[in-house]
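Trainee: A structural model of the following input is requested.
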Amino acid sequence: SCCSHCSSAQTFDHHCPWVNNCIGRGNYRYFFLFLICLSLHLTAVLGLCLNVIIQTQNDLDNVNVVVR
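Mentor: Next comes the predicted model:
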């Protein structure tokens, strides 16, 4: 067993440090749901960051600089 430190009779695949738990037959569904939600969250954050960068770039292009 990959997860000999976990005291359970289930078959475990590996220990995931991100959720601090062993991943195995009993919780694959929740682990994959976690991965899907995490992927959607990261995609949304990336999209919003790109949107802010694009908007800021457009605003910076319209700034009038006075040179003395």
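
Trainee: What about residue 14? Give its phi and psi, please.
Mentor: phi -160, psi 170 (degrees, to the nearest 10).

Trainee: Give me the neighbour count for it.
Mentor: Taking other CB atoms under 10 Å as the neighbour definition, residue 14 ends up with a count of 11. (C-beta placed from N, C-alpha, C; glycine too.)

Trainee: residues of the lowest-mean-pLDDT helix or strand in the chain that come out buried?
Mentor: In the chain, no helix or strand scores lower on mean pLDDT, DSSP states H and E than strand 12-16, which sits at a mean of 80. Judged by neighbour count (16 or more other CB atoms under 10 Å), strand 12-16 contains these buried residues: 12, 15.

Trainee: Who are the packing partners of that strand?
Mentor: Secondary-structure packing of strand 12-16 (3 or more CB pairs under 8 Å, 6 or more residues apart in numbering; DSSP states H and E): strand 21-24.

Trainee: Could you export the least confident helix or strand of the chain as PDB, CA atoms only?
Mentor: What follows is the C-alpha trace of strand 12-16 in PDB, where atoms were taken according to Å, rounded to 0.1, in the frame of the first residue of the first chain:
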ATOM      1  CA  PHE A  12      -5.200   3.600  -1.200                       C
ATOM      2  CA  ASP A  13      -3.500   5.000  -4.300                       C
ATOM      3  CA  HIS A  14      -1.400   7.800  -2.800                       C
ATOM      4  CA  HIS A  15      -1.200  10.400  -0.200                       C
ATOM      5  CA  CYS A  16      -2.200  13.900  -1.400                       C
END
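
Trainee: so what strands line up beside that strand?
Mentor: When pairs are called by DSSP bridges, strand 12-16 turns out to pair with strand 21-24 (antiparallel).

Trainee: Can you name the next helix or strand after the partner strand?
Mentor: Downstream of strand 21-24, the next assigned helix or strand under DSSP states H and E is helix 28-61.

Trainee: angle of the least confident helix or strand of the chain against helix 28-61?
Mentor: With axes from the mean of the first three to the mean of the last three CA atoms, to 10 degrees defining the directions, strand 12-16 sits at 30 degrees from helix 28-61.
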